[in-house]
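Asks: predicted model and sequence follow; I will ask about them next.
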Amino acid sequence: MEVYKLTVATGTSEYSGTNNYIYVTLVGENGESERTILDNPGLDFCRGAVDEYKVCSPAPLGPLLLVRLEKQRYWVEDNWFCRYVTVEPPGGGTALTFPCYRWLIGDIKVEIREGTDGLHGLLGFPSVLMPRPRQTCIRTYVLTTRKGATLRAPYTMQYCMEHWKEDWFFGYQCLNGSNPRMIQRCKELPGNFPVSGDMVQGSLAPRTTLDKELKAGNIYLIDYAIMDGVPTNVIRGKPQYIAAPLCLLYEHPDLGLIPIAIQLGQTPGFDTPIFLPNDPPLAWLLAKIWVRHSEFQVFQLLSHLLRTHLLVEVFCVATLRQLPAVHPVYKVGVYVRVCVCVCACVRVLLSHPSLCL
């Protein structure tokens with residue numbers, strides 16, 4: 001006969017205890033124990049109590065998989081909040097903890113898994129999700145320059161400060177930034193972006209033309225049309241501004257990906273000129289800054305908020321509603337439940353009429 005020692009902890013809040021019948025069944029890889037009523041002399045499952053019991057099994061159960069708890073009404077319905085169950089295997093092995101932390105309402109049966117992370121080797125979750133000392137969370141930034149030199153933080157920060165105005169570094173940020181999927185190969189220029197070959201000839205490699213580079217697949221376009229018409233905010237009586245630019249990029253054989261033309265609006269005209277690298281330096285720099293500004297808006301609202309937070313929120317809510325608590329995905333959901341709170345707060349803030357971009 002195998003004897004397992006159990007410890008059952010009742011919640012500490014008001015009305016957590018119960019006088020109903022509580023049954024337990026241990027489930028292991030090799031079988032299940034008998035359905036055993038948990039009953040000691042005196043009162044059981046009082047508020048804040050940690051009660052000890054013994055469960056017998058005619059044969060070894062092997063590694064325990066879960067604990068099945070059942071609550072059955074005794075005289076009147078009395079809900080019970082169970083914090084956790086610990087099980088010490090025969091022979092005095094390491095006790096296993098099965099966290100519950102839920103109310104058992106009515107005649108109910110719940111199955112709880114052991115609390116130790118059982119996802120080792122699955123997508124690297126444990127090593128990513130486990131808290132780490134702050135010093136191990138500091139990133140080492142690596143930047144390979146166009147000359148092949150590899151730089152590491154903190155010198156990378158100084159390097160960025162010295163080269164952020166250069167065209168090749170702008171292309172590097174577009175390609176290695178937070179939203180590179182905005183870059184699309186361009187085989188034909190859109191009708192609302194009237195860039196001619198003569199306008200960008202000085203930015204191309206020798207003995208080539210814009211038409212040749214378009215056919216060769218070396219021209220790329222970033223189109224922020226989704227920003228067109230977005231209402232802006234007024235701060236301290238001053239209206240704010242936002243752009244919906246089109247940026248033409250060229251894969252230069254020596255310089256890498258560089259911008260060769262920028263239009264800050266979707267409708268070409270006198271108010272939306274096309275900026276070129278041979279324009280006055282500050283004008284060209286300001287045009288690139290507006291492109292980065294639009295990149296930031298698209299990333300924060302679409303890539304970050306919509307495609308990350310709001311999309312994950314759907315799966316998080318569905319997980320909490322549909323999956324049983326013993327499901328491995330439900331267990332991982334503990335780490336993303338804060339997403340629901342974040343999304344609720346952000347939704348209230350962004351829906352306020354005075355908080356437009």
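Replies: Received the coordinates, thanks.
Asks: how far does stretch 181-200 stretch from start to finish?
Replies: Stretch 181-200 stretches 24 Å from its first residue to its last (CA to CA, to the nearest Å).
Asks: buried ones in that stretch, by neighbour count?
Replies: Judged by neighbour count using 16 or more other CB atoms under 10 Å, the buried positions of stretch 181-200 are 182-183, 186, 189, 193, 195, 199-200. C-beta coordinates here come from the backbone N, C-alpha and C atoms, glycine included.
Asks: quick one, helices of the chain?
Replies: 125-129, 155-163, 167-176, 197-200, 210-216, 281-298, 311-322, 328-332, 338-350 (DSSP state H).
Asks: same question for stretch 44-64, mean pLDDT?
Replies: Across stretch 44-64, pLDDT averages out at 93.
Asks: and it, C-alpha only, in CSV?
Replies: C-alpha atoms of stretch 44-64 as CSV (Å, rounded to 0.1, in the frame of the first residue of the first chain):
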residue,chain,number,x,y,z
ASP,A,44,-11.7,20.9,8.4
PHE,A,45,-11.1,23.6,5.8
CYS,A,46,-11.5,26.6,8.1
ARG,A,47,-10.5,30.0,6.9
GLY,A,48,-6.7,30.2,6.6
ALA,A,49,-6.2,26.6,7.7
VAL,A,50,-3.6,24.2,6.3
ASP,A,51,-4.8,20.7,6.9
GLU,A,52,-2.9,17.4,6.5
TYR,A,53,-4.3,14.2,5.2
LYS,A,54,-3.2,10.8,3.9
VAL,A,55,-4.3,9.2,0.7
CYS,A,56,-3.7,5.5,0.1
SER,A,57,-3.1,3.8,-3.2
PRO,A,58,-2.9,0.0,-3.7
ALA,A,59,-0.1,0.5,-6.3
PRO,A,60,2.5,3.2,-7.1
LEU,A,61,1.0,5.9,-9.2
GLY,A,62,4.3,6.9,-10.8
PRO,A,63,5.0,10.6,-11.4
LEU,A,64,2.0,12.6,-10.4
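Asks: what residues does that stretch touch?
Replies: With contacts defined as CB atoms under 8 Å, 6 or more residues apart in numbering, stretch 44-64 is touched by 1-19, 22, 24, 26-34, 36, 38, 40, 80, 87, 89-90, 96, 114.
Asks: buried deepest among the helices of the chain, which one?
Replies: helix 167-176 (a mean of 19; mean count of other CB atoms under 10 Å).
Asks: flag the shaky bits of the stretch 251-357 of the chain, pLDDT-wise.
Replies: Across the stretch 251-357 of the chain, residues meeting the criterion (pLDDT under 70) sit at 325-326, 331-337, 351-357.
Asks: could you rerun that using 90?
Replies: 255, 271, 300-357 (pLDDT under 90).
Asks: follow-up on the earlier one: could I get the helices of the chain as CSV with distance to residue 60?
Replies: Formatted as CSV, the helices of the chain follow (distance: least, CB to CB, whole Å):
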stretch, distance to residue 60
helix 125-129, 28
helix 155-163, 58
helix 167-176, 56
helix 197-200, 77
helix 210-216, 70
helix 281-298, 59
helix 311-322, 34
helix 328-332, 25
helix 338-350, 41
